[in-house]
Every structure is written in C-alpha cells, then in structure tokens.
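> next come a sequence and a model predicted from it.
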Amino acid sequence: MSSMTSFLAYAAAKNRVLKPIDGVVMYPFEETAIPQYVYFMPKTLAEGERLSEFFKYQFLYLPDLFYVLYFNPIRWILPDLAERIKSLECIPVGYGKDRKLFQLSYGRITFDVTPASDEPDFEEQTVFRVPLYIAETNFFINVVELPNNMGTPKLFEKIDFTWQ
C-alpha cells in the first residue's frame, strides 16, 4: 500500500476533511531536494490551457495571490516527496528585485481542512507585492502567508501541464 493511500485511509478513519487543490507551485532553486517553503496559487487549468497563456493574461491585469506554505513536513507522509519534486517539469523564474532563481511548476496539494475550534475565523493578512520575471516579461504577484482556513498541507501530487 502506498504512503498516500495509507494516509487517505487514516484520514478517512479519523474523519479528517481533505481538500485537494490544483495550482501553480513555485519554490527557490536550492541544493536541498525538498523545499522548506513553497509559494502556491490555486488555479485549475482547463483542458488544453497552457500555463504560459495564463500568466501572460492574468498577471498583466490582475495579480492573484500566492500563499506561502510550510511544505517540508509533507515528507513525513510521503517518503518519496524528493523524487516527486525532482520529476516536476519546471520553468526557471526570477523572484523579487534581485531576481532570485525560483522553479515554477504545477501540481496538486491536498489540505486538511478539518475545523479546529481554537483557530480564528479571520486573520489580518499582510500582502507583499513582488516582481516575478519569466523570460523577458516581468509581472507582479501578491504574496501572503497561508491563512488557517485553507488548512494544513498534507499531500503533494505532480500534474502534467503544457507550458507553451
């Protein structure tokens, strides 16, 4: 039985509420196999939709939110997480004014959204507007911390996508 299947069975037995969300995944290009944090923007690509077209039209007019989430603990549920990350098709991008090298891809993160009584319903979010450079085009993205109501990241899956 795979680790993902085992976790899903455990979650079902414990009445955990899981919510898979497809989206753009971006993380710093580093020597470590598993990024400590990732930037995640929920986005479902339509059949045949290219990720490059989405960026071209979406970010020129209305930047979406990228959520910063603590990604590293997923490795305790998915021992093969490093291999999953390594197998991603990635696009190199420059992040911030100094154009720090990031990898941009597409995937599915499953969040545990089981309600917790001690979590506040609303949190004040500080939004950071950050330049993002893809090839010769620059965009601005809005970055915030992951709010409690989105849940805790538990699983990651690779999703095939078309860039161009």
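Received the coordinates, thanks.

> could I get the phi/psi values of P20?
phi -80, psi 130 (degrees, to the nearest 10).

> what pairs with the longest strand along the chain, parallel or antiparallel?
Across the chain, the longest stretch assigned as strand under DSSP state E is strand 100-112. Paired neighbours of strand 100-112 in the sheet (DSSP bridges): strand 18-28 (antiparallel), strand 91-95 (antiparallel), strand 152-158 (antiparallel).

> what lies in contact with the shortest one?
Outside of strand 91-95, the residues that reach it under the criterion CB atoms under 8 Å, 6 or more residues apart in numbering are 26, 28-29, 51, 100-105, 130-134, 163. (Each C-beta comes from the backbone N, C-alpha and C, glycine too.)

> ok, the last one next?
Outside strand 152-158, the residues that touch it by CB under 8 Å, 6+ apart are 4, 7, 11, 18, 20, 69-71, 73-74, 77-78, 81, 84-85, 87-88, 107-112, 146.

> please work out the average pLDDT along that strand.
Averaged across strand 152-158, the pLDDT comes to 93.

> same deal with the shortest one?
Averaged across strand 91-95, the pLDDT comes to 93.

> quick one: that strand to chain centroid distance?
Centroid separation between strand 91-95 and its chain, computed with CA atoms, centre = their mean, to the nearest Å, is 15 Å.

> one more: the longest one?
When distances are taken as CA atoms, centre = their mean, strand 18-28 is centred 3 Å away from the chain's centroid.

> and it, what's buried?
Judged by neighbour count using 16 or more other CB atoms under 10 Å, the buried positions of strand 18-28 are 18, 21-27.

> after the lowest-mean-pLDDT helix or strand in the chain, next one along is what?
Within the chain, confidence by mean pLDDT, DSSP states H and E is lowest for helix 51-61 among all helices and strands, at a mean of 72. Of the helices and strands lying after helix 51-61 in sequence (DSSP states H and E), the nearest is strand 65-70.

> and that following strand, what does it pack onto?
The helices and strands touching strand 65-70, judged by 3 or more CB pairs under 8 Å, 6 or more residues apart in numbering; DSSP states H and E, are strand 37-42, strand 137-145.

> strands paired with it, and their directions?
Paired with strand 65-70 in the same sheet, following DSSP bridges, are strand 37-42 (antiparallel), strand 137-145 (parallel).

> okay, these, which one's buried deepest?
Mean neighbour count, computed with mean count of other CB atoms under 10 Å, is highest for strand 37-42 among these, reaching a mean of 21.

> who touches stretch 64-80?
3-4, 7, 24, 26-27, 34-41, 43, 58, 81-82, 84, 109, 127, 141-147, 150, 153-156.
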